[in-house]
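Colleague: Just the structure for this:
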Amino acid sequence: MIITKEAFLRYLSTKYSPLELNEIMKHFCISKRDKRKFNKFLDSLIKEGYIVKIRDNKYGLPSNMELVTGILEGHPEGFGFVKIENSQEEIYINNSNMNGAMHGDRVMVRIEGTLRGKNKEGEIVKVLERANKDIVGVFEKNRHFGFVIPDDKRIWYDIYIPKGLSMGAKDAQKVVVRITKWPCQGKNPEGEIVEVLGYKNNPEVDLKALIKQYKLPFEFPESVLKETVKIEKDIPLEEIKVRKDFREENIFTIDGEDAKDFDDAVSISKNGKNEFKLGVHIADVSYYVKENTLLDKEALKRGNSIYFLNKVIPMLPEILSNEMCSLKPDKDRLAISVIMYIDNNGNLKRYGIYKSVIRSKYRLTYDIVAKIVEEKAETLRKQYKDIVYDLDMMLELAKILYNKRIKEGSLDFNLPETKVILNKNDYPLRIVKVVRNWAHKIIEEFMLITNETIATHIFKNKVPSIYRIHEVPNFEDMLDFAKFVNALGYDFKIRRDLNSKDLQKLLENCKNTSEEGVINRLALRSLKLAVYSTNPVGHFALAKKYYTHFTSPIRRYPDLVVHRILKSLYEKPYSKGGHVNTFKLSEIAKHCSETERLAEEIEEEFTRVKKIQFISNSIGKVYSGIISGVTNYGLFVEISDLQIDGLVYIGNLVDDYYIYNGELHTLIGKRRNKKYRLGDFVKVKVIKVDIDKKQIDLQIVN
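Modeller: Below is the predicted model of the structure:
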């Protein structure tokens, strides 16, 4: 019995009604002897969501029965949305139509056709794949049984723990529970506790819980570590001989104070034509991490490093990320060097890409560089006298590149940032504002032009690759945004062929106004997410035709792939057996887009937990804030100094009865016509903090 999935699905696509098993077997000449094997084949297609089995033992395609498949995104209130696979459409699922599905499950949905807001409504008819067999939560003990309240509030079921299955967990401890019975017919899921993490509200337990909740690969498998140990640490002389030698040049790194993995270094000079000769030297990770090794497969699985406030889950073992690949000062290191010749208007005149060996002279921080080039700190300028001229030249070039980029339509969002400072026990000590200076912008501009240069080079060589794309925003999303900013008094006309310059002009007009923060934030929310793709459709926010990620191969897998593709251009023609095919690249791009989103979600979650722990000691304290969200149940207010949202419940607005206007993002008092608008500045008092629910309750202070 040899039937391919493609042939089987092609046959079903020609039939407009479900087929009986016997009819299908007859068509494919399946004997009774092969019936069991054929049923296994059908079961695998059902499990993957390609076909559906209905009553009377009939089979058909989901698309022929108004059925779609996708991932359920739960909401704490009990409803959810299913994002249809290979589509941007989302189906609204009411709580009564969940049929035992939980957040993250891959499900099959029957579309009811009823529109709810912008979304069609549907009912989940089958759970195809469960996402959360193990769930992290807080144990609540009763006399003969217990419940686990999930940390992830998108899982709205409490999990019942029968007597004898609690693993000795005590009340208020964080635990990992394994589901033994899924929710069914209104009954909660059941489970057994398989790990006790420690008491809730213990700062040291927070990271442990997040790692378990998101199933993060914290430790590297023993097999990967054994393979890593075998990698030769010293650079062979033969390898140095075949590389461009930049070890005598003024090359150095500029990073944050607490950075440990240095994957980019820079150099600069001017030639006889008065052109800037900019060198961007990126760690040659692909020399050490060979394709299809256990190390490579683990790096792909992780997709990227995940950075917490004071810890990191690296994409590569530390011996590579912090040592062998890291461009430390006074150490010979292998690199891929991009040498770019740029005129005084910021135009790239020519470039070269080389396998190289470098030796960084200094490990500089943003703070040190800012003091040298902006504050002209005399002591530091004397200390680094051999590179002061280079740094001043870098500032000059960065400003030229920045102005050119802005002129071309690149968006420059002005959003404040904060950082939580933790002690050695992960307890939050204070929250400080992050200052971005020209030292940051020097590196940012140099990395941007390097990534663009590499993307253009690969595209012109007509080889498949992974690009970093940012599509033009949806017209409907921008229409809602335009209504809001026009109501604020700004002239922002939306059109279907929206250009980034249109949005840039608005951002420029609102600079240094009270609305600047909220307009920047809403504009960012209205744009699509940047993702990885094999289709170079351009980067809307950066106003780039071709763009990729090349400059961070220690912490991002797509960059590592781009390095390999670059090398393949020199080592063997891609069309004659290059080592990454287009389909595989598409799969990598999709996977790494997902791991990137996950990393961002986890990092934001951990930061929010720490900020809530910090503010839990501030009950009764008054803060300045800005209204960051308006709903029919209240106002979300972002506390300006801490960059965290709290909720003012509409019931706590006692001076009037307030009506919600969704189009204007406003609550309007019925009697006095007082308005609370998105972007308004308010004073708020902290009245309650629930660390378990990650909620802050606020009250408006007149």
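Colleague: Helices of the stretch 251-400 of the chain, start to end?
Modeller: 285-288, 294-302, 318, 366-373, 378-383, 388-407 (DSSP state H, counting those that start in this stretch).
Colleague: Could you list the buried residues of the last one?
Modeller: Going back to what we said before, that points to helix 388-407. Of all the residues in helix 388-407, those buried under the rule 16 or more other CB atoms under 10 Å are 388, 390-391, 393-398, 400-402, 404-405. C-beta here means a position set from N, CA and C on the backbone, and glycine is covered the same way.
Colleague: quick one: average confidence on the helix or strand following that helix?
Modeller: Following helix 388-407 in sequence order, the next helix or strand is strand 418-422 (DSSP states H and E). Mean pLDDT, computed over strand 418-422, is 94.
Colleague: cool, stretch 505-519 as well?
Modeller: Rounded mean pLDDT across stretch 505-519 is 89.
Colleague: quick check: mean pLDDT across stretch 107-119?
Modeller: Regarding stretch 107-119, the rounded mean pLDDT is 78.
Colleague: Please apply the same query to stretch 522-536.
Modeller: What stretch 522-536 shows for mean pLDDT is 95.
Colleague: any chance of the buried residues of helix 388-407 in a markdown table, plus pLDDT and distance to Asp34?
Modeller: Listed next are the buried residues of helix 388-407 as a markdown table, based on pLDDT from 0 to 100; distance: CB to CB, whole Å:
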| residue | pLDDT | distance to Asp34 |
| --- | --- | --- |
| Val388 | 97 | 79 |
| Asp390 | 98 | 73 |
| Leu391 | 98 | 74 |
| Met393 | 98 | 74 |
| Met394 | 98 | 70 |
| Leu395 | 98 | 73 |
| Glu396 | 98 | 75 |
| Leu397 | 98 | 70 |
| Ala398 | 98 | 68 |
| Ile400 | 98 | 71 |
| Leu401 | 98 | 66 |
| Tyr402 | 98 | 67 |
| Lys404 | 98 | 67 |
| Arg405 | 97 | 63 |
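Colleague: what's near enough to touch Lys141?
Modeller: Contact analysis of Lys141 by CB atoms under 8 Å, 6 or more residues apart in numbering lists Ser166, Ala169, Lys170, Asp171.
Colleague: just the CA coordinates of stretch 40-54, formatted as PDB?
Modeller: Provided in PDB are the C-alpha atoms of stretch 40-54 (Å, rounded to 0.1, in the frame of the first residue of the first chain):
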ATOM      1  CA  LYS A  40      -3.500   4.300  10.700                       C
ATOM      2  CA  PHE A  41      -2.800   6.400   7.700                       C
ATOM      3  CA  LEU A  42      -6.200   8.100   8.000                       C
ATOM      4  CA  ASP A  43      -5.800   8.600  11.800                       C
ATOM      5  CA  SER A  44      -2.500  10.400  11.200                       C
ATOM      6  CA  LEU A  45      -4.200  12.800   8.800                       C
ATOM      7  CA  ILE A  46      -7.100  13.400  11.200                       C
ATOM      8  CA  LYS A  47      -4.600  14.100  14.000                       C
ATOM      9  CA  GLU A  48      -2.800  16.600  11.800                       C
ATOM     10  CA  GLY A  49      -6.100  18.300  10.900                       C
ATOM     11  CA  TYR A  50      -5.900  17.500   7.200                       C
ATOM     12  CA  ILE A  51      -9.100  15.500   7.100                       C
ATOM     13  CA  VAL A  52     -12.200  15.100   9.300                       C
ATOM     14  CA  LYS A  53     -14.100  11.900  10.200                       C
ATOM     15  CA  ILE A  54     -17.800  12.400  10.800                       C
END
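Colleague: Tell me the buried residues in that stretch?
Modeller: Those would be Phe41, Leu42, Leu45, Ile46, Gly49, Tyr50, Ile51, Val52, Lys53, for stretch 40-54 by 16+ other CB under 10 Å.
Colleague: again, but for stretch 53-67
Modeller: Neighbour-count burial for stretch 53-67, counted by 16+ other CB under 10 Å, picks out Lys53, Tyr59, Gly60, Leu61, Pro62, Leu67.
Colleague: hmm, which two among the residues you listed are most spread apart?
Modeller: Spatially, the most separated pair among the buried residues of stretch 53-67 is Tyr59 and Leu67, at 12.5 Å (CB to CB).
Colleague: Common neighbours of those two, please.
Modeller: Shared contacts of Tyr59 and Leu67, counting by CB under 8 Å, 6+ apart, come down to Val52.
Colleague: Who are the contact partners of the closest residue to Asp206 other than its chain neighbours?
Modeller: Here the nearest residue to Asp206 in space, its sequence neighbours aside, is Val609; by CB to CB, 6 or more residues apart in numbering that works out to 5.3 Å. Contacts for Val609 (CB under 8 Å, 6+ apart) come out as Asp206, Leu210, Ile691, Lys694.
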